[in-house]
Every structure is written in structure tokens, then in C-alpha cells.
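**Student:** Quick one, what's the 3D model for this:
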Amino acid sequence: MGNSFGCSASGERLVSAARDGDLVEAKMLLECNPCLAKYSTFGGLNSPLHFAAAKGHNEIVALLLENGADVNSRNYCGQTALMQACRYGHWEVVQTLLLFRCNVTRADYLSGRTALHFAAVNGHVRCIRLVVADFVSSSPYEVISSQKNGDRGDGSNLKNKYDQSALSKFVNKAADGGITALHMAALNGYFDCVQLLLDIHANVSAVTFHYGTTMDLIGAGSTPLHYAACGGNLKCCQILLARGASRLTLNCNGWLPLDVARMWGRHWLEPLLEPNSDLIIPIFPPSKYLSLPLMSVLNIARECGLQSSTTSSDDNDICAVCLERACTVAAEGCGHELCVRCALYLCSTSNIASEMVGPPGSIPCPLCRHGIISFVKLPGTPEKEIKLHLSLGLCTPCMLHPRDPDHPSPARTPEIRRNRVASVSSDLFCPVSCSPFPSVALPLCTCNDGPCPSFETREVETQDESPRHSQATLTEQDKMEGPRLGRTTCSSMFWGRRSCSREHQCDSEINA
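**Tutor:** Modelled structure (predicted):
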């Protein structure tokens, strides 16, 4: 992706257009020189695709990809445009990148984070839904969930078993230090993300370990419940406990989730996290952000493209939702026809509880409210293949490596367990992934709001440790959601100084 002197000035103009959302300027530059779509700024920090994805300029993202931009190109930190879009919550950009078959399993160079980690740490639940779309089959959710109980002798279930195994490995892929997407969402109090991740087979008992550059703020061997206790969100803790998390798990520092809550001043969690607590845990229904028909309509959109205008003069063939485009897909069950763009938008944005209209994960039909679990392509729909521009990545960790063992949730036992994570099997890591940076033992966060609370022995928590404690008394809703740490979403909460400084170079260029 080298830049010659002849195209550097035009390339910088395209970068500015991608950052500012100037579609007219971007079109003019690419008409003159389509190769500018592969331009990168000095030092290879970011490409125009990274700028457009980070700023949420969806039309420019599509324009760059149509002109040959590599959908899987990496910046200086090894981050793709998909990671940037997930970081800032631009779900429409994520949708466009998926239509061009981006690689959702790639991890960055700094700490092994995937797009799922970036979406979870900032609470972008729609991005999570889209990122896992190719792993969740468009079939009734009860059938999918039943595969966890073993083979029933039906050969037709083999594909679903493979899909769910791939989904589990992707969702539970650990970044540097064993941090999973569930750890990130639990720490920052995004209960919608926690619920969705658990519904798609996130491991509630996953533990962190002594490896890589992760800053050890809570301690190795910590489960998502430890991180939720640090974050202080009551609903997150309730969801984790309802899905099998144990109050009795000790991390390598010998701390229970209750101890972590006390150290961080989350006193409202103590009655719930007491080892002998008798509080009744609410029953949570499946996440309203499950979307079973998303895979089917996404594949149809890849084959047919997103039509921008009607292709038939017959009013009966026009989509009843947008009244602009011809119908190209039909909902299985009720049979109502929609254009592929409206169907894709419906599956990406719907957050209506589906208990009353169909199986969990079904999407209510906008015309009859029937639960849709899959879409089918209408006969005679013209196909439009999207041109792919393939390139070799410098590092492509294999998220679904066959040697990666499954980690079933351990049985709950009355005695307190201590996690043993002193050594990590080499089978847990892909043989072609980047080598991590040396371990950095930094006990404090580098946030601008001051150092995070240290874990030295102390008797009483002060009110100054949490900026939210100085505010007025919390309402009942605030107590349910729980106050969040002001800066827990920054990358330095998880990763070492060296990784953060490299990432800051790329981010400062985008946000200049």
C-alpha cells in the first residue's frame, strides 16, 4: 500500500474527504484515480477506509470498497475498518463491510482484540448482533440451543452443531491477558451486551491469566462476575448469576467477587454477592437483540446487492415498507414480500421482545407481526456479484483453530474454588498470531481523571474514589443500572502503556 509522490497530494485530499464526509469530493477524486482507494497516510497509520468507517460515513465506505479498497486492510496497529466502526458504534458501516465479506475474526496486533471486543467495550449491542450474524443460523432458536445438550442422532443437526461450535469459539476468543468480550461488557455495565453475549454461548466462567501486556487491575483468574463487581452494575451481576456464574470463585489474588465490589466501593452489590446470599435472582428472558433471520437476508443481499430503485412498473411488486424498491425477499411463514434493503434494516435494528410473536430471536413482520425466522429470495431476482479485492494480511490469527479446546462451564460446587492460571497451554493460541509484547506490571490506569483505586490493604473506602458518589442519591432505576466508572471504557483499563501509545497515534490522526 505504498504511496508515490504523484498521488500523495490527491491521497491526502481523499483522506480529508473521508474524514469530513465529503461524498462529492471523494467521488471526483476516485473517478480521476480509482487507485487512491488504497492510499494510506504517512507511516501507514490509516487508510481512507479507516477514516470513513471511524466517522460513520457509510456512503463513502461503500464508494471506497466499490473502487477497490481492501475491506480487510490494517492500519499501523493491525486494526481493520470493521474494528473502527464497532469501536464508535456505526452499525450501518458494519453492515456495509459485512456485505463486502469482511473478515470478522481478525485480531489487532497490539492485544489480540477482535471487532467483537471493540463493540463490547463500548456497549454497541447492534454491532455485536451484526458481527456474529454469519455464525447464527436462521433457524428456530430452540433448535440451535438444544445442540448444547449433545447429539440426538439426527444427521441434519451436524451443520447446526458446527455453526454453534464456531460461534462459541469466536465469542469466547480471548484477547491479551485472557480478556473476553463478556469481561469488557460486564466491567462497563452494558447489561444488554452481557445478555446477548450469554445467549450466543459466551462462557460465563472464562478467567483471565498472567500473559501479555494486560494491566492487572483486578487480578488474574478473574471471571466476568469479578469484572461486573468492579463495574458496579447490579443488573449485570444478576444476569451473570442467573446464567450460572459462581459467587464462590476466587481469583489468583484470593478475592471473591464480593471482595472486588468492596474494594471499589460498590456497596450496593454486597447483599447480592454474599456467598450465602438468599436474594431471589430475577429470571431474564432471551435477549431482544437476537436476530435469527439476519444471516439469511445478509446472504441474499450479498448475492443480489442493495437495489437503489425499482426494477418493475407493477405496483404489486413494490415494497410496501419503503414504496421505492422492488420486492426481492419473502418472509418464511407469513410470506409477506419486502425489498432486501428494508429486510436487512429490519433485522439489524429491531429490538422488540419476540416472546409473543415467535421463538426467541424472531423478528416481527412489519405487516402482520408474525415472527420471522428466515427470509427467502424471490424467484427471478437478478443476482449482482460484489467484486472482491483479496489481499494477504500480515497477521491473521485463526479464531476457529481446531486445536482450540472447548471450555465447558464447570459444575457449581459449594466449596470455594481458586483459579489456577499460572501456566497457559500453547494450544490456546493460534500458531500464526503475533507474539505479544512483554508483560507490563502497571497497577494504575492512565486515565486523565486520576489513578484508579489501588488494591493495597485498606479499611474504609472514601467517597472520592468514585466521581459519582458526590452526586445526589440515586433513584431506583439508577440503582438497578448501577453507576459506571467514568473512564472504564478507555483501552488503558485493559492494556499496557506501550499498546495504548501506539493506538493513540492512529486515533489522534482520525480525530484530528
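**Student:** C-alpha from now on. contacts and neighbour counts both.
**Tutor:** OK.
**Student:** could you give the mean pLDDT of stretch 289-298?
**Tutor:** Summarised as a single mean, pLDDT over stretch 289-298 is 93.
**Student:** Endpoint to endpoint, that stretch covers what distance?
**Tutor:** By Cα to Cα, to the nearest Å, the extent of stretch 289-298 from end to end equals 16 Å.
**Student:** same thing with stretch 65-80?
**Tutor:** Using Cα to Cα, the end-to-end distance of stretch 65-80 comes out at 13 Å.
**Student:** ok, residue 373 touching residue 292?
**Tutor:** Yes. If you go by Cα atoms under 8 Å, residue 373 and residue 292 touch, sitting 5.4 Å apart.
**Student:** Can you verify my assumption that residue 188 contacts residue 231?
**Tutor:** Yes. At 5.6 Å, residue 188 and residue 231 qualify as touching, with contact defined as Cα under 8 Å.
**Student:** So, low pLDDT: which residues of the stretch 251-400 of the chain?
**Tutor:** Scanning the stretch 251-400 of the chain for pLDDT under 70 picks out 307-316, 354-357, 384-400.
**Student:** Okay, strands next: where are they in it?
**Tutor:** Using DSSP state E, counting those that start in this stretch, the strands found in the stretch 251-400 of the chain span residues 329-331, 337-338, 363-364, 371-372, 375-377.
**Student:** Pairing partners for the second one, with directions?
**Tutor:** To tie it back to what came earlier, the one meant is strand 337-338. For strand 337-338, the paired strands and their directions (DSSP bridges) are strand 329-331 (antiparallel).
**Student:** Show me what the strand it pairs with is in contact with.
**Tutor:** 297, 336-340, 343, 365, 372-378 (Cα atoms under 8 Å, 6 or more residues apart in numbering).
**Student:** Any of those residues buried? List them.
**Tutor:** 297, 336-340, 343, 365, 372-378 (16 or more other Cα atoms under 10 Å).
**Student:** tell me which of those residues is nearest to residue 196?
**Tutor:** Among the buried ones among the contacts of strand 329-331, residue 373 lies closest to residue 196 (Cα to Cα), at 17.3 Å.
**Student:** pretty sure residue 83 is in contact with residue 121, am I right?
**Tutor:** No. Between residue 83 and residue 121 there is no contact under Cα under 8 Å: 11.7 Å.
**Student:** show me what contacts residue 78?
**Tutor:** 107, 108, 109, 110.
**Student:** To clarify, my last question referred to residue 301.
**Tutor:** 99, 340, 341, 344.
**Student:** Got a ChimeraX select line for the buried ones in those residues?
**Tutor:** A single ChimeraX command is used to select the members of the contacts of residue 301 judged buried by 16+ other Cα under 10 Å:
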select :99,340,341,344
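**Student:** Does residue 86 touch residue 125 like I think?
**Tutor:** No. Between residue 86 and residue 125 there is no contact under Cα under 8 Å: 9.5 Å.
**Student:** which one of the two has more residues nearby?
**Tutor:** Between residue 86 and residue 125, counted using other Cα atoms under 10 Å, the more crowded position is residue 86 (31 against 26).
**Student:** which residues does that one contact?
**Tutor:** 94, 115, 116, 118, 119, 124, 127.
**Student:** give me that answer again for 10 Å
**Tutor:** Listed by Cα atoms under 10 Å, 6 or more residues apart in numbering, the contact set of residue 86 reads 53-54, 93-94, 114-128, 130-131.
**Student:** Also residue 58?
**Tutor:** Applying Cα under 10 Å, 6+ apart, we find residue 58 in contact with 18, 21, 23, 52, 64, 85, 90-97.
**Student:** 7 Å - rerun?
**Tutor:** If you count contacts by Cα atoms under 7 Å, 6 or more residues apart in numbering, residue 58 has them with 92, 93.
**Student:** how near is residue 339 to residue 347?
**Tutor:** Residue 339 is 13 Å from residue 347, by Cα to Cα.
**Student:** quick one on the thing from earlier: got the strands of the stretch 251-400 of the chain as TSV, with distance to residue 318 columns?
**Tutor:** Shown next, in TSV, are those (distance: least, Cα to Cα, whole Å):
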stretch	distance to residue 318
strand 329-331	11
strand 337-338	8
strand 363-364	20
strand 371-372	20
strand 375-377	15
